[in-house]
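Asks: next one to model:
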Amino acid sequence: MKTFRITIIWATLTAFALINVSCEKEKPAPPRSMEQIKSEEGIPVEVSTIMPSDFSKELSFFSTVSGIVETVEYTKVKDQILSIRAKVGDYVKQGQLLMEFPTNNPSLQYEQAKVALDNSEKSYKRMKELLAAGEISQQVYDNTQAQYMVAKQNMESIEKLVKIKAPVSGTLISIPVRVGDVMGDNQALFTIAQLNKMIAKVQATDRELVQIKKGMPVQVFWNGFEYRGIVSDIGMEMNSMTRSFPIEITIDNPKQTLKSGVTVDVRIKVKETDQAIIIDRKLLVDEAGKKYVYLEKEGMATKRQVQTGIASGTNIEITDGLKPGDNLITCCTSFLEDGIKIKLNK
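Replies: A predicted model of the protein is given here:
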């Protein structure tokens, strides 16, 4: 009986031991630390092979454009518009009659001036004949001629008030009035622009100003189209309100598809470099005023000091420290150290 009890107890203890061993085998392994991963497998990274490419730095602005020549004609007399002889979009020549106002406005004395001109012209022609015949003195002729010139200039001045002509050749881009409108003083009648070239004016900070030179190439974008231009003028006086300097851009517009008054995206190319080594700024590691990147070499991370050049957006030029064919590590740089083991992600 005693032997039977001992046998049961022993069997029970053995079962508990087996269960305990089984439970211990089923327990998950504790998580590995970053140090263990570093030493056993290496830090997983991605790399990019350095290849030279063309690189440029641009300064970007927004601007409203206008024709290289743009003239607004204003009323010179208070009266009703009798006729409009052109429409928006027409190309007009300098001196072409575009609008007319009544000549019977009492304040103009149009008829009186016309009669005075006719009379003085007849007198002038008569005195010219008499002078040629030797029947009058030169002084009498000169006085008559002066009176005629005054009457002619007076008539021309009045006609300019009622017969509105194009001051320059160009395209009519605006006529904000209609026949029959009664106009007041100094109201806009029409705008003429020369649209084969356009002007954009931007405002540059003092830091931007030192990078901009006359003649620099400019790209202008509007409505899906790209236009070419140059920096044509650089202002030297700072605007006290905006703390900026005016920069003028002249844009080629041979097909006149770029319209006056639209807002465009202006990009001034301040520097261009052929076959440069370019990387993302975020890959630079700053330490004690020096800049470094990490390269992959034989499964290890290699820390390399570099010198930087011009920057544009998120990209920056590397002028020294990298060469074509280097394998640049492009992620996880915060986990890297010089000489640490790495593993390439596939």
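Asks: how about the strands in the stretch 151-300 of the chain?
Replies: With DSSP state E, counting those that start in this stretch as the criterion, the stretch 151-300 of the chain has strands at 163-165, 170-174, 182-183, 188-204, 217-222, 225-234, 245-252, 263-280, 285-287, 290-297, 300-312.
Asks: ok, what's across the strand from the residue sitting nearest the centre point of the chain?
Replies: Geometric centre of the chain, nearest residue: residue 266, 1.4 Å, by Cα atoms, centre = their mean. Bridge pairing for residue 266 (DSSP bridges) gives the partners residue 61, residue 220.
Asks: for it, what are its contacts?
Replies: The contact partners of residue 266, by Cβ atoms under 8 Å, 6 or more residues apart in numbering, come to 60, 61, 62, 63, 200, 202, 218, 219, 220, 249. (Glycine included, C-beta is placed from N, CA and C.)
Asks: how about residue 286?
Replies: Residue 286 neighbours (Cβ under 8 Å, 6+ apart): residue 292.
Asks: any idea what it is bridged to?
Replies: residue 291.
Asks: ok, it to residue 292 distance?
Replies: 8 Å (Cβ to Cβ, to the nearest Å).
Asks: low-confidence stretches in the stretch 1-150 of the chain?
Replies: Along the stretch 1-150 of the chain, the model assigns pLDDT under 70 to residues 1-30, 32-40.
Asks: please redo it, this time with the cut-off set to 80
Replies: Applying pLDDT under 80 to the stretch 1-150 of the chain picks out residues 1-41, 56.
Asks: show me the strands in it, by range?
Replies: 43-45, 47-49, 53-74, 79-80, 83-84, 91-92, 97-100.
Asks: wait, which of those is closest to residue 234?
Replies: Among those, the nearest to residue 234 by Cβ to Cβ is strand 53-74 (12.7 Å).
Asks: give me the distance from the closest one to the chain's centre.
Replies: Centre-to-centre, strand 53-74 and its host chain are 6 Å apart (Cα atoms, centre = their mean, to the nearest Å).
Asks: okay, the strands of the stretch 1-150 of the chain in JSON lines with mean neighbour count and distance to residue 340 next?
Replies: As requested, the strands of the stretch 1-150 of the chain are arranged in JSON lines below (neighbours: other Cβ atoms under 10 Å; distance: least, Cβ to Cβ, whole Å):
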{"stretch": "strand 43-45", "mean neighbour count": "18", "distance to residue 340": "6"}
{"stretch": "strand 47-49", "mean neighbour count": "14", "distance to residue 340": "14"}
{"stretch": "strand 53-74", "mean neighbour count": "17", "distance to residue 340": "29"}
{"stretch": "strand 79-80", "mean neighbour count": "16", "distance to residue 340": "88"}
{"stretch": "strand 83-84", "mean neighbour count": "14", "distance to residue 340": "80"}
{"stretch": "strand 91-92", "mean neighbour count": "17", "distance to residue 340": "72"}
{"stretch": "strand 97-100", "mean neighbour count": "18", "distance to residue 340": "79"}
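Asks: dump these to TSV, plus distance to residue 209.
Replies: What follows is the strands of the stretch 1-150 of the chain, written out as TSV (distance: least, Cβ to Cβ, whole Å):
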stretch	distance to residue 209
strand 43-45	42
strand 47-49	36
strand 53-74	10
strand 79-80	49
strand 83-84	45
strand 91-92	38
strand 97-100	42
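Asks: quick check: which of the ones you listed is nearest to residue 240?
Replies: Nearest to residue 240, of all the strands of the stretch 1-150 of the chain, is strand 53-74, at 19.9 Å by Cβ to Cβ.
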